[in-house]
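> sequence and predicted structure, then a few things I'm wondering about:
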Amino acid sequence: MNPYEVLGVDRSASAEDIKKAYRTAAMKNHPDRNPGDHQAEERFKKVARAYEVLSDPSRREAYDRYGTTEDPGPSSGMGGMHDIFSGFGLDDALRAFMENFGFSSGGSGPRVIHGEDVTVRVNLDLEEAALGGRREIEVERNVSCSECAGSGADKASGTESCRQCNGMGKVSSIRNTLLGSFRTVSQCHVCGGRGTIPRKLCSNCRGRGYEKKKSTISVDLPAGLSRGHYIRLRGQGHHPGQSGVPGDLKLFINSIDYGPFEREEDNLVYPLTISYPQAVLGGEFTIPLPDGDSLKIKVDTGTRAGTRFKQKHHGMGRLNRRGRGDLLVEIDIHVPGKVKRSEKELLKELEESSSFKVKKN
């Protein structure tokens, strides 16, 4: 099961196709149309949850990329469908239905306004990606106005209740549907859903309730990050002003510089090129580690190209898990393109030696 299957649409479905499929499925499985049918109730909850995921571009992108509704980060793993449908009850489904259809069961509180998210792209070096660490991020965002504390009103004048909505933040009208009469609710266009308006605008933010500032934020990077991962910092995004709630700051891992290494899931591969005599005779070699240190490894006599020597627990950290992957040292043998005449004679002698003759199958 996945949200596309729940709504019966393809992954390439447009927003309008998804909305139509949701309306059809929600009306069909609504509890008022199926009294006492618990299976229909479960389908109704899944349909509402699936639409919440696919109607939100960021959640849909996260599901398409990772199979979960949350951007992977230090606390989000790769949970899949259990994460999408768990903890979503009938009350949540009914509330989503009412909101998405433009209805409301009533409510006295003003609408909570959420600020926009801020996305910052970062490039990591190998040590940061493999072992984690702390990164200082400079971000420009809207923060609560320092003069009016986000109210948008002049300190001396304050605010007053919106006369258009009587402080409710929304206006309503009765609407008749197949399921009965519903109260259609929309945001008050005068106060913007806040329920109050300034008597006089704040001179610093001109009534917006926020001002733009640059700041530095410390972010703890978990070990084992990959390109394309998000780290979400709740409440660190744009502040919408007034009595709103700030959005989130999303740290997007744009690229990782692996240096001389290649990554295979949680393992790192280091290509070690040795000469032909070294491959025959063996020897000891120094190789770098992701943390900038180094270690020595022993290459056995008669080692062939492509052989891998495993150095346990020297690879990438395991995201959201304990331990580390391995470092795999892969042997490549250097074959010179040109050799001296004296070297050719030595090679011919070796070619005639029984130890160097290729045995026939």
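Looks like it came in fine. For clarity, every value in this text was computed on a predicted model and none was experimentally measured. Residues are numbered from 1 along each chain as shown.

> so where do the strands sit in the stretch 151-300 of the chain?
When assigned using DSSP state E, counting those that start in this stretch, the strands of the stretch 151-300 of the chain occupy the ranges 159-161, 170-177, 180-187, 196-198, 210-221, 230-233, 249-257, 262-264, 267-275, 283-288, 294-299.

> save those strands as a markdown table, and put in distance to L346 too.
Quick note: C-beta positions are derived from backbone N, CA and C, even for glycine. Compiled in a markdown table, the strands of the stretch 151-300 of the chain are given as follows (distance: least, Cβ to Cβ, whole Å):
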| stretch | distance to L346 |
| --- | --- |
| strand 159-161 | 93 |
| strand 170-177 | 91 |
| strand 180-187 | 87 |
| strand 196-198 | 92 |
| strand 210-221 | 53 |
| strand 230-233 | 58 |
| strand 249-257 | 42 |
| strand 262-264 | 35 |
| strand 267-275 | 14 |
| strand 283-288 | 19 |
| strand 294-299 | 22 |
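
> the ones you listed: which one's closest to R33?
Across the strands of the stretch 151-300 of the chain, the minimum distance to R33, taken as Cβ to Cβ, is reached by strand 180-187, at 10.9 Å.

> excluding chain neighbours, what is closest to R60?
Distance criterion Cβ to Cβ, 6 or more residues apart in numbering; nearest residue to R60, sequence neighbours excluded, is L54 at 5.1 Å.

> burial measure for the one you found, as a count.
Each residue near L54 was counted by other Cβ atoms under 10 Å, and the total is 27.

> check K170 too.
Counted by other Cβ under 10 Å, the residues lying close to K170 total 17.

> where does the stretch 201-350 of the chain dip in pLDDT?
Residues of the stretch 201-350 of the chain that meet the criterion pLDDT under 70 lie in 243.

> residues touching Y4, list them.
10-11, 13, 50, 54 (Cβ atoms under 8 Å, 6 or more residues apart in numbering).

> whichever of those residues end up buried, select them in ChimeraX.
Those of those that count as buried under 16 or more other Cβ atoms under 10 Å are selected in ChimeraX with:
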select :13,50,54
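
> and the contacts of Y4 as CSV, adding secondary structure, pLDDT and distance to S355?
Shown next, in CSV, are the contacts of Y4 (DSSP: H, G, I helix; E, B strand; the rest coil; pLDDT from 0 to 100; distance: Cβ to Cβ, whole Å):
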residue, secondary structure, pLDDT, distance to S355
D10, coil, 91, 63
R11, coil, 89, 60
A13, coil, 90, 67
A50, helix, 88, 68
L54, helix, 90, 67
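
> isn't R59 up against E52?
Yes - with contacts defined as Cβ atoms under 8 Å, R59 counts as touching E52 at a distance of 7.4 Å.

> the residue nearest to R60 and K250, how far apart?
From L54 across to K250, the span is 19 Å (Cβ to Cβ, to the nearest Å).

> check E136 too.
17 Å.

> what does S14 give?
25 Å.

> the helices in the stretch 1-150 of the chain, which residues?
For the stretch 1-150 of the chain, the helices defined by DSSP state H, counting those that start in this stretch cover 3-7, 15-29, 38-54, 57-66, 81-85, 90-100, 126-131.

> now those in CSV, with distance to D332?
Converted to CSV, the helices of the stretch 1-150 of the chain look like this (distance: least, Cβ to Cβ, whole Å):
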stretch, distance to D332
helix 3-7, 45
helix 15-29, 51
helix 38-54, 47
helix 57-66, 34
helix 81-85, 43
helix 90-100, 57
helix 126-131, 20
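
> hey, least reliable of those helices by pLDDT?
Set side by side, those show their lowest mean pLDDT on helix 81-85, which sits at a mean of 48.

> and the closest residue to T273 other than its chain neighbours, what helix or strand is that in?
With Cβ to Cβ, 6+ apart as the measure, D332 is the residue that lies nearest to T273, at 4.6 Å, once sequence neighbours are left out. When secondary structure is defined using DSSP states H and E, the element that contains D332 is strand 327-334.

> ok so, going back, doesn't P3 make contact with the residue nearest to R60?
Yes - with contacts defined as Cβ under 8 Å, L54 counts as touching P3 at a distance of 5.2 Å.

> tell me the domain ranges of the protein?
Listed domain ranges for the chain are 1-101, 111-254, 262-352 (source: automatic domain parsing).

> possible to save those as a markdown table with distance to V358?
A markdown table is the format used below for those (distance: least, Cβ to Cβ, whole Å):
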| stretch | distance to V358 |
| --- | --- |
| domain 1-101 | 48 |
| domain 111-254 | 40 |
| domain 262-352 | 10 |
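
> and those: which comes nearest K360?
Shortest distance between K360 and the domains of the chain, using Cβ to Cβ, is found for domain 262-352: 15.4 Å.
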